[in-house]
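Asker: The sequence isn't on hand, but the structure is:
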């Protein structure tokens, strides 16, 4: 793994600045898993899957910032190049041969502009647009099937506009409307010679609305923030496992539209000298709109379920979070602080069919921390206990179509430790 980045700023004139942002990433990964963790039985018997990835990407962005008497503006361009090769195989099936090798080349060009203009002393408007041209090429090599290839090119224009209003110094309100898109993609994992399973999806597109505000009280000691939002996504992408020739083949497909609505509320304040608190709540409502013929299959029996009207996976209806921290008065030995924070997450489904098997009931996690920093701010120590109550919870659960095993990504159990740092 190697990652490099560089940023260059040039003040051409007092009111015009050029910014250059360059990035490079070289990434290799090799991963092997035993799907059912058992020496015999299971859908794949004693088969273990092997996955490998060799990825290299380069990006370059140029931004020209300007200020005039009536507006601030940004004009820019972006280039992205990604070349990656992924392998996936099951040695028990294919021996030394590689079942699926997929090489994806991505090249993207974009140009963008944004303007922020004050209308009055308390109101400002902002608007921006971005045009993107992206090309993706896929070359597939199979162990025992003909090779195949796909190519897709998209041209997308996205925009954003908004208004900001500050009627008085402690109060700020905003409204934003924006469009977005997610480029088409390919699935190249364990295709078992079925090239049709790698066919590209259609691009995802979205339209979002958001309004909110922030109010500072008590000379800045307290703040209250609130927001409501709505997002509609078309051609939503997801992966489904299908049985082809008695073998499980993953397919990436567009399943329909998703309506996302929500609200967030956050309170932050200093209740006393050294005592800081922060509490928040989020509400979320999601609904899938799909043709009645769009179904999703999971479980050993390959249960087929229409998904129209279902919730989007991993979208709990509500979450609560909070933090309480006390910073003791400074002493000759340095600065000490105690902190507790928590998260409470409602019930959630993990699969598109919203089956009752692949779910997580509501749960909460409490973390405690103690901090010390010397008076020079050079040395620091943190002692922590995460998941104090040792709550058992899953961050993902899946019983994939045709499999007799369930995959569970367990959350972190009770964990304690010490972190020490020094600044040079």
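Answerer: Arrived safely, thanks for sending. All figures in this text were calculated on a predicted structure; none of them were measured in a lab.
Asker: Which strands or helices does the host helix or strand of residue 320 pack on?
Answerer: Residue 320 belongs to strand 318-327 when assigned by DSSP states H and E. Contacting strand 318-327 under the criterion 3 or more CB pairs under 8 Å, 6 or more residues apart in numbering; DSSP states H and E are the following elements: strand 275-289, strand 335-345. C-beta coordinates here come from the backbone N, C-alpha and C atoms, glycine included.
Asker: Off-centre distance for the longest strand out of those in the chain?
Answerer: Longest strand in the chain, counting residues (DSSP state E): strand 247-272. Its chain's C-alpha centre and that of strand 247-272 lie 9 Å apart, by CA atoms, centre = their mean, to the nearest Å.
Asker: cool, stretch 358-370 as well?
Answerer: Stretch 358-370 has its C-alpha centroid displaced from the chain centroid by 20 Å (CA atoms, centre = their mean).
Asker: Identify the residues contacting that stretch?
Answerer: Contacts with stretch 358-370, where a contact means CB atoms under 8 Å, 6 or more residues apart in numbering, come from 298, 316, 336-351, 382-389, 391, 393-394, 397-399, 406, 411.
Asker: ditto for stretch 54-69
Answerer: Outside stretch 54-69, the residues within contact range by CB under 8 Å, 6+ apart are 15-28, 72-86.
Asker: Which SSE is immediately downstream of the helix or strand harbouring residue 74?
Answerer: Taking DSSP H and E as the criterion, residue 74 maps to strand 72-89. Heading C-terminal from strand 72-89, the first helix or strand you meet, by DSSP H and E, is helix 91-94.
Asker: Using neighbour counts, pick out the buried residues of that next one.
Answerer: 93-94 (16 or more other CB atoms under 10 Å).
Asker: and that helix, average pLDDT?
Answerer: The average pLDDT for helix 91-94 rounds to 80.
Asker: Residue 377: neighbour count?
Answerer: Residues lying near residue 377 (other CB atoms under 10 Å) number 10.
Asker: now it, nearest residue through space, not along the chain?
Answerer: residue 423 (7.1 Å; CB to CB, 6 or more residues apart in numbering).
Asker: One more: residue 212?
Answerer: Nearest non-adjacent residue to residue 212, counting by CB to CB, 6+ apart: residue 227, 3.2 Å away.
Asker: can you tell me which residues contact that neighbour?
Answerer: 210-213, 263-264.
Asker: which one of these sits closest to residue 154?
Answerer: Nearest to residue 154 among the contacts of residue 227: residue 210, at 25.5 Å, using CB to CB.
Asker: Do you know the pLDDT at the closest one?
Answerer: On the pLDDT scale, residue 210 is placed at 98.
Asker: how far away is it from residue 296?
Answerer: 30 Å (CB to CB, to the nearest Å).
Asker: Look at the two and report which has more neighbours.
Answerer: Using other CB under 10 Å as the criterion, residue 210 and residue 296 rank with residue 296 on top: 23 against 17.
Asker: Neighbouring strands - and their directions - for the helix or strand hosting residue 110?
Answerer: Residue 110 is part of strand 100-118, with elements assigned from DSSP H and E. The strands that strand 100-118 pairs with in its sheet are strand 72-89 (antiparallel), strand 123-142 (antiparallel) (by DSSP bridges).
Asker: Good, we can wrap up now.
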